[in-house]
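J.: for reference, the sequence and a predicted model appear below.
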Amino acid sequence: MRCILKSVTAVSLLVLLSAVPASAELYGFKAVEPIDPAVAAVGESQLTLEVTEPAAGRAQFVIRNNGPAPSVVTLVAIDDNQMMRGVVCISDRDTDGDAGVDFAFDTRPRQLPGANAEGFSTKFSASPDGSPMDVGISPGESLSLVFAMDRNASFEDLIAALDSGLARAGLFVQGVLENGEGVFLSATRITNGDVPVVPVPGSVLLGMIGVGAVGLLQRRRMNQQPEA
């Protein structure tokens with residue numbers, strides 16, 4: 001997990017990560033034409049977007065490649081309709097034991113090929129931090145992006161914008177059925193808040209607290225050392 005926070009203590013990080021909601025809004029993806037029908041069918045059947053509010057003033061986007069067909073997401077772009085003001089965290093998760101997903105936010109947002117014709121304008125984007133086909137989002141893997149909401153927009157406003165198509169997530173997918181590729185934009189909401197969200201494992205949270213506690217004790221010992 002890479003977090004961009006001005007000040008993070010062990011306790012505040014625990015609060016942020018443990019405040020995971022019990023449900024998420026789930027969206028499917030629609031292929032952008034022109035595209036091979038077989039490639040479109042794969043992307044539309046196995047790519048999903050989960051949107052949650054992990055804490056007040058935060059929005060989490062989880063891109064999942066549910067598989068099983070060969071495919072790799074090599075670019076994630078967000079058109080937020082001016083509702084999010086910045087990046088907080090980026091992390092990856094896989095279900096097959098392959099910790100190969102490795103993305104980083106782009107300093108200069110990248111545009112999705114052909115998406116401008118669909119009225120899509122990238123504000124944030126994330127790309128593989130390595131060989132795209134090796135560390136992109138393959139079947140069974142996912143990528144989580146956490147954003148800070150704009151002060152004038154609520155999480156409910158964001159969901160309404162996603163529902164209406166004013167805000168969208170976009171994906172560039174390669175290696176579909178080996179050689180195919182295409183662009184997909186988030187579309188119709190599949191569910192209304194009834195998708196279970198996997199909480200952060202307790203061992204991870206305890207580990208974070210332990211690291212913070214060790215650092216705090218070390219600083220106290222240094223401050224208590226007598227002067228020579």
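T.: Sure, I can see it.
J.: quick one: Phe124 and Val88 touch, right?
T.: No. Using C-beta atoms under 8 Å, Phe124 is not in contact with Val88, being 11.1 Å away. No exception for glycine: its C-beta is placed from N, CA and C like everyone else's.
J.: quick one: the strands in the protein, in order.
T.: 2-3, 23-31, 47-52, 58-65, 72-79, 84-94, 103-105, 124-128, 141-149, 168-176, 180-189, 195-196 (DSSP state E).
J.: packing partners of the longest one?
T.: Counting contacts by 3 or more C-beta pairs under 8 Å, 6 or more residues apart in numbering; DSSP states H and E, strand 84-94 packs against strand 2-3, strand 103-105, strand 124-128, strand 141-149.
J.: quick one: strands adjacent to that strand?
T.: If you go by DSSP bridges, strand 84-94 pairs up with strand 2-3 (antiparallel), strand 141-149 (antiparallel).
J.: out of these, deepest packed?
T.: strand 141-149 (a mean of 21; mean count of other C-beta atoms under 10 Å).
J.: now do it against strand 72-79, angle only.
T.: With axes from the mean of the first three to the mean of the last three C-alpha atoms, to 10 degrees defining the directions, strand 141-149 sits at 10 degrees from strand 72-79.
J.: if we can go back for a sec, with distance to Glu118 added, can I get the strands of the chain in JSON lines?
T.: Compiled in JSON lines, the strands of the chain are given as follows (distance: least, C-beta to C-beta, whole Å):
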{"stretch": "strand 2-3", "distance to Glu118": "30"}
{"stretch": "strand 23-31", "distance to Glu118": "9"}
{"stretch": "strand 47-52", "distance to Glu118": "16"}
{"stretch": "strand 58-65", "distance to Glu118": "18"}
{"stretch": "strand 72-79", "distance to Glu118": "10"}
{"stretch": "strand 84-94", "distance to Glu118": "20"}
{"stretch": "strand 103-105", "distance to Glu118": "23"}
{"stretch": "strand 124-128", "distance to Glu118": "16"}
{"stretch": "strand 141-149", "distance to Glu118": "21"}
{"stretch": "strand 168-176", "distance to Glu118": "9"}
{"stretch": "strand 180-189", "distance to Glu118": "6"}
{"stretch": "strand 195-196", "distance to Glu118": "26"}
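J.: do you know which of those lies nearest Pro113?
T.: Among the strands of the chain, strand 180-189 comes nearest to Pro113, with 5.8 Å by C-beta to C-beta.
J.: can you give the strand pairings for that closest one, parallel or anti for each?
T.: strand 23-31 (antiparallel), strand 168-176 (antiparallel).
J.: which parts of that strand are buried?
T.: Within strand 180-189, the residues that count as buried by 16 or more other C-beta atoms under 10 Å are 180-187, 189.
J.: what of stretch 127-134?
T.: 127-128, 132.
J.: ok, these vs Asp36, which is closest?
T.: Distances from Asp36 to the buried residues of stretch 127-134, taken by C-beta to C-beta, are shortest for Pro132, at 19.4 Å.
J.: wait, the closest one sits on Thr74?
T.: Yes. If you go by C-beta under 8 Å, Pro132 and Thr74 touch, sitting 4.0 Å apart.
J.: tell me the contacts of Asp129?
T.: 102-104, 135 (C-beta atoms under 8 Å, 6 or more residues apart in numbering).
J.: any quick ChimeraX command for the buried ones out of the residues you listed?
T.: Applied in ChimeraX, the following selects the buried portion of those according to 16+ other C-beta under 10 Å:
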select :102,103,135
